[in-house]
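S.K.: got a predicted structure here, sequence first:
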Amino acid sequence: MAGCCAVLAAFLFEYDTPRIVLIRSRKVGLMNRAVQLLILAYVIGWVFVWEKGYQEMDSVVSSVTTKAKGVTRTNTSDLGFRIWDVADYVIPAQEENSLFIMTNMIVTLNQTQGVCPEIPDKTSVCKSDADCAAGSTGTHSNGVATGRCVQFDETVKTCEVEAWCPVENDTHVPKPAFLKAAENFTLLVKNNIWYPKFNFSKRNILPNITTTYLKSCIYNAVTDPFCPIFRLGKIVEAAGHSFQDMAVEGGIMGIQIRWDCNLDIAASHCLPKYSFRRLDTRDLDHNVSPGYNFRFAKYYSDLTGVEHRTLIKAYGIRFDIIVFGKAGKFDIIPTMINIGSGLALLGVATVLCDIIVLYCMKKRFYYREKKYKYVEDYEQPIISETDR
Amino acid sequence: MAGCCAVLAAFLFEYDTPRIVLIRSRKVGLMNRAVQLLILAYVIGWVFVWEKGYQEMDSVVSSVTTKAKGVTRTNTSDLGFRIWDVADYVIPAQEENSLFIMTNMIVTLNQTQGVCPEIPDKTSVCKSDADCAAGSTGTHSNGVATGRCVQFDETVKTCEVEAWCPVENDTHVPKPAFLKAAENFTLLVKNNIWYPKFNFSKRNILPNITTTYLKSCIYNAVTDPFCPIFRLGKIVEAAGHSFQDMAVEGGIMGIQIRWDCNLDIAASHCLPKYSFRRLDTRDLDHNVSPGYNFRFAKYYSDLTGVEHRTLIKAYGIRFDIIVFGKAGKFDIIPTMINIGSGLALLGVATVLCDIIVLYCMKKRFYYREKKYKYVEDYEQPIISETDR
Amino acid sequence: MAGCCAVLAAFLFEYDTPRIVLIRSRKVGLMNRAVQLLILAYVIGWVFVWEKGYQEMDSVVSSVTTKAKGVTRTNTSDLGFRIWDVADYVIPAQEENSLFIMTNMIVTLNQTQGVCPEIPDKTSVCKSDADCAAGSTGTHSNGVATGRCVQFDETVKTCEVEAWCPVENDTHVPKPAFLKAAENFTLLVKNNIWYPKFNFSKRNILPNITTTYLKSCIYNAVTDPFCPIFRLGKIVEAAGHSFQDMAVEGGIMGIQIRWDCNLDIAASHCLPKYSFRRLDTRDLDHNVSPGYNFRFAKYYSDLTGVEHRTLIKAYGIRFDIIVFGKAGKFDIIPTMINIGSGLALLGVATVLCDIIVLYCMKKRFYYREKKYKYVEDYEQPIISETDR
């Protein structure tokens, strides 16, 4: 008991600090300070100032709404004169983080359920019924083969299929694009972000933006970097592509909104940064499944109740709004981790200098003698060697 | 060779430990322990217990499906008596992480391709044809100007446009909202989450939820916090807004599901936490492009094959289901990093105390003498000063 | 002033290094090295080699497009003979990260606004008008009750409702699934990823994939792990479920694409890894709201302009493409943090050995004497005990 107390007392009332050899040597001294300075500079300058090592990070939670505007007129043989507005070329009418704008199309009018010859291609052309397996469906066929081989036109015979007839012929994509005027359409992007960890939220329509400005402005990286209204042509251009070229076969454009915020400073400095990138990498030399398109149909039913449909293969540009970014705010944990390991690194200085002093300098034996005290495992005072 | 062995032996069989000065001083001793205790408390208490510094984190991967229920009746002059069910007011029929419910609308019946006067606004009203540039399309115009200036009604003349005629007149939004009864519709949210790093997955329909309960329950933060069925009105209310007010011009509601899981304890403690937030910040003093709406059309074709459409400008509330959260599980790396830097921080205690002992206390010279051993750069034993 | 200079000089030109006791003891020496080796092994091997502690991480930003192919034929009493192609069974026509394929359906043809008896269930069956509250709408009712109780068929009477009539009867789900042939449909997934921090982007159609290969290949975990075309049946199978079973009531399939990239090595090693998981956990014993379905309608209008619709309750499989992964690249910060805390951990070795040497070994008093130099708080040299 008493012993225990003594130990505790010793533990509490004793202060132990390492014994130090102070070597008065300009060379080593300066070197030592230099190394320490370097490490300090790294820890302070790089970790804290540059990389903000004292901040806790959180990644963004976002919500996006889009709205397209624009109207254009077309005049073609099969469709005749036609006006196209938002309800016609935006499919589907609304999406969460993206918006599809139809720029080109292949329309197959007035299809009905029935049998008709396939479009000629290397799989569908035939000489006789023998070439057409009944009930078979190729990956690219429009229907189920009946097994008959019929005239497609004067020259060529193809397998007959049960399908929506007449079948679509998409061998030739209209060029230039059908709705090439889409280049001048505008896109309004509303984006609302949130950093859950810091419960900080902001929208890309900044407080200082007025209704009048919003009615007139068009995004421009230099003059209007915070106007959330984009001209489609400009978006594609900014990504280094040609809208008219892209409009023909379609594609995917990424509208990237980066929210990098330092929440240790005023929230007004947390601003969206827009950038544009084409997401369907289209290299002409290695051109695998280019562009973007899909099929949809409008269904009608006539007097007798027979269902008709207009099949549309829609080529177009899908604008994906990609929101990302990180917010940083001072936090004790990362700060302490960095300080701690910084201090540990300072130890490196001593280690380095020790090596030099004890192994490289000509007075090394003298220094070693000062630094070390040799203790043999067996009992026998060895004053002579040490602690002179 | 032999020398090399000797060195190796020395390296292996020698144990070096710093020499320590033990100062028996209550003041310094206690202070030293106090500082050490503080640091230890921080490392253990804060880093490990509070911030779970010993855990590796992973963020959630999620999949959401939604289903709305509810039916209501309207009776208006132009549409007459009408019933609205899910297939009518949910557009599009299904989305990935969100659901749009139409609450208000401006219907333009029986539009056809043709020419008609624009809706009067400051850009479209005209005195003579001179005021209407043929082929021009303003951002907000419904069609392409023909260049003629025609009677809109008895009083006012506007530019004629090629468009879907008659053009939509959305100057007056119905108030109260057309489908105000949507307040009582219900929304079932099915959410399945996954933490790839730990291959842990769970759904928000908890194992203990029965089919009967699910048929009857309605989410309530207090009484039914785990019922995945929400009353639309309650959602908006919980976000501190009025449904009827929001229904008029539409808006975006965020249904936030937070999955913060500590996977070191039972999986049954990993539960979803629902919260609601309005995502289209709507401050009345600074009201820029409020609400949420979009246009879509239903296409018809009459006997002669002429295409008609019913244009609908749909105002409504889009419910974005935002799933986020982090899961933590013990991992050796962060643990060791924190322990390591913690130990390093302990060194701070000694540094602090040394400063006090060697610079502030009145017996400082005495202590310094004990701690330090001065070694001049030049050869000459200096026993006198040190190691008495 | 002069004093100040002296202090500075001392600070700059003095090098202090701790004094060390070197104990020549095989036991302790070996143990010390062993512990150090362990810690070193951990730091190098585990932190750096295994966990790549020297890398900065970034998580993926992704964009996905999908395209389904396939056509099938059905023949039923109410719909008669019918061909189904992409435009018919993909709803909506395009989505951002997912694709819904209808596999089963309940069609209610030719609905009009009107009044008709409800489908019999425990809430709707009635004896007299008293059982039907006018204007009431249950959660599962198809319309607004008129308050009358009418004959549903010879045997049973149900409440009359204002609704789209006739009301849908979804009591019996077709089994086997209506479009069971969907098992053989194929799905092309195009995925483009981006790591913003490293500005590294790649797509899942790898550079070495040729157009011809892409036309013919089908994903197979073993033989074609990089073919982005999937057979629907195989996807469900790979997740350990039966397609035909799933097709009846529908469900959600997750197509997970993992992009784990080490950007310190060649980009060609950064490859997508596909895996499949069913997201609507379907355990037969605890089967709450299984499958996936939604309702949509096709609207028609007859000569008199009366609106008809075909209501379709679509059961089907939604394929969610879930892209995730992390990219790592050498960075100085995490490297230094790990080195720093690693060094700090090395200190643990000394602490451990000290404890053993000073408390456990029988020669402990002798060693303590060597290591420590006791300094009393009061002035009085105590040579005798220490530094013999």
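M.R.: Sure, I can see it.
S.K.: could you use CA atoms for every contact and neighbour count after this?
M.R.: Fine.
S.K.: residue of the stretch 151-300 of chain A closest to chain C, please.
M.R.: Here the stretch 151-300 of chain A gets closest to chain C at one residue, A:F296, 4.6 Å apart by CA to the nearest CA.
S.K.: touching, that residue and C:A87? I think so.
M.R.: Yes - because the distance of 4.6 Å satisfies CA atoms under 8 Å, A:F296 is recorded as touching C:A87.
S.K.: who has more neighbours out of the two?
M.R.: A:F296 (22 against 19; other CA atoms under 10 Å in any protein chain shown).
S.K.: what pairs with that one across the strands?
M.R.: Bridge pairing for A:F296 (DSSP bridges) gives the partners A:I312.
S.K.: now the one 4 residues further on
M.R.: Per DSSP bridges, residues listed as beta-bridge partners of A:Y300: A:H308.
S.K.: which bits of the stretch 51-200 of chain A sit near chain C?
M.R.: Counting by CA under 8 Å from any CA of the partner chain, the stretch 51-200 of chain A comes close to chain C at A:91-92, A:95, A:97-98, A:113, A:137, A:139-144, A:162-164.
S.K.: give the ChimeraX command for selecting the buried subset of those.
M.R.: Buried subset of these, written as a ChimeraX selection, criterion 16 or more other CA atoms under 10 Å in any protein chain shown:
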select /A:91,92,95,97,98,113,137,141,142,143,144,162,163,164
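S.K.: give me the subset of the residues of the stretch 51-200 of chain A next to chain C that lies in strands.
M.R.: A:S98, A:Q113, A:V144, A:E162, A:A163, A:W164 (DSSP state E).
S.K.: got phi/psi on A:P207?
M.R.: Backbone torsions for A:P207, taken as degrees, to the nearest 10, come to phi -50, psi -30.
S.K.: repeat that for A:I218.
M.R.: The phi/psi pair for A:I218 (degrees, to the nearest 10) reads phi -130, psi 130.
S.K.: test my guess that A:K27 contacts C:E14.
M.R.: No - using CA under 8 Å, A:K27 is not in contact with C:E14, being 9.1 Å away.
S.K.: stretch A:113-132: how far from the chain's middle?
M.R.: Centre-to-centre, stretch A:113-132 and its host chain are 45 Å apart (CA atoms, centre = their mean, to the nearest Å).
S.K.: so for it, mean pLDDT?
M.R.: Averaged over stretch A:113-132, pLDDT sits at 87.
S.K.: output that stretch as CSV, nothing but the C-alphas.
M.R.: Extracted in CSV, the C-alpha atoms of stretch A:113-132 (Å, rounded to 0.1, in the frame of the first residue of the first chain):
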residue,chain,number,x,y,z
GLN,A,113,-49.5,-4.3,-87.3
GLY,A,114,-49.1,-6.5,-90.3
VAL,A,115,-46.6,-8.3,-92.6
CYS,A,116,-44.2,-6.6,-95.0
PRO,A,117,-40.7,-7.2,-96.5
GLU,A,118,-37.6,-6.3,-94.4
ILE,A,119,-35.3,-3.5,-95.3
PRO,A,120,-32.5,-5.0,-97.4
ASP,A,121,-29.2,-5.7,-95.6
LYS,A,122,-26.8,-8.6,-95.7
THR,A,123,-29.0,-10.7,-93.3
SER,A,124,-32.4,-9.9,-94.8
VAL,A,125,-31.9,-10.3,-98.6
CYS,A,126,-33.0,-13.7,-99.9
LYS,A,127,-33.3,-15.7,-103.1
SER,A,128,-36.1,-18.1,-101.9
ASP,A,129,-38.2,-18.9,-98.8
ALA,A,130,-35.4,-21.3,-97.9
ASP,A,131,-33.3,-18.3,-96.9
CYS,A,132,-35.9,-17.1,-94.4
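S.K.: burial measure for A:A34, as a count.
M.R.: Residues contacting A:A34 under the criterion other CA under 10 Å number 14.
S.K.: report the two of the residues of the stretch 51-200 of chain A next to chain C separated the most.
M.R.: Of all pairs drawn from those, the one with the longest distance (CA to CA) is A:N97 and A:E162, at 38.2 Å.
S.K.: what's near enough to touch A:K157?
M.R.: By CA atoms under 8 Å, 6 or more residues apart in numbering or on different chains, the contact list for A:K157 reads A:P120, A:V125, A:C126, A:K127, A:C149, A:V150, A:Q151.
S.K.: how far away is the residue lying closest to A:V156 once chain neighbours are set aside from chain C?
M.R.: Leaving aside its sequence neighbours, A:V156 sits nearest to A:V125 (CA to CA, 6 or more residues apart in numbering or on different chains; 7.2 Å). Counting by CA to the nearest CA, to the nearest Å, the separation of A:V125 from chain C is 19 Å.
S.K.: can you check the pLDDT for A:S275?
M.R.: The confidence metric pLDDT takes the value 93 at A:S275.
S.K.: residues contacting the closest residue to it other than its chain neighbours?
M.R.: Nearest non-adjacent residue to A:S275, counting by CA to CA, 6+ apart: A:Q256, 5.1 Å away. Contact analysis of A:Q256 by CA under 8 Å, 6+ apart lists A:K273, A:Y274, A:S275, A:F276, A:R277, A:I321, A:I322, A:V323, A:F324.
S.K.: what about the residue of the stretch 251-388 of chain A found nearest chain B, which helix or strand?
M.R.: Residue of the stretch 251-388 of chain A nearest chain B, by CA to the nearest CA: A:G340 (4.3 Å). Using DSSP states H and E, A:G340 maps to helix A:332-355.
S.K.: got the CA positions of that helix in PDB?
M.R.: Listed next in PDB are the C-alpha coordinates belonging to helix A:332-355 (Å, rounded to 0.1, in the frame of the first residue of the first chain):
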ATOM      1  CA  ILE A 332      -9.800  19.800 -35.200                       C
ATOM      2  CA  ILE A 333      -9.200  16.200 -36.300                       C
ATOM      3  CA  PRO A 334      -7.300  16.600 -39.600                       C
ATOM      4  CA  THR A 335      -5.500  19.600 -38.100                       C
ATOM      5  CA  MET A 336      -4.200  17.500 -35.200                       C
ATOM      6  CA  ILE A 337      -3.300  14.600 -37.400                       C
ATOM      7  CA  ASN A 338      -1.300  16.900 -39.600                       C
ATOM      8  CA  ILE A 339       0.400  18.700 -36.700                       C
ATOM      9  CA  GLY A 340       1.200  15.300 -35.100                       C
ATOM     10  CA  SER A 341       2.800  13.800 -38.100                       C
ATOM     11  CA  GLY A 342       4.500  17.100 -38.800                       C
ATOM     12  CA  LEU A 343       6.100  17.000 -35.300                       C
ATOM     13  CA  ALA A 344       7.100  13.400 -35.900                       C
ATOM     14  CA  LEU A 345       8.800  14.500 -39.200                       C
ATOM     15  CA  LEU A 346      10.800  17.100 -37.300                       C
ATOM     16  CA  GLY A 347      12.500  14.200 -35.600                       C
ATOM     17  CA  VAL A 348      13.900  13.300 -39.000                       C
ATOM     18  CA  ALA A 349      16.200  16.300 -38.800                       C
ATOM     19  CA  THR A 350      17.900  15.000 -35.600                       C
ATOM     20  CA  VAL A 351      18.300  11.600 -37.200                       C
ATOM     21  CA  LEU A 352      19.900  13.000 -40.300                       C
ATOM     22  CA  CYS A 353      22.300  15.200 -38.400                       C
ATOM     23  CA  ASP A 354      23.200  12.400 -36.000                       C
ATOM     24  CA  ILE A 355      24.200  10.200 -38.900                       C
END
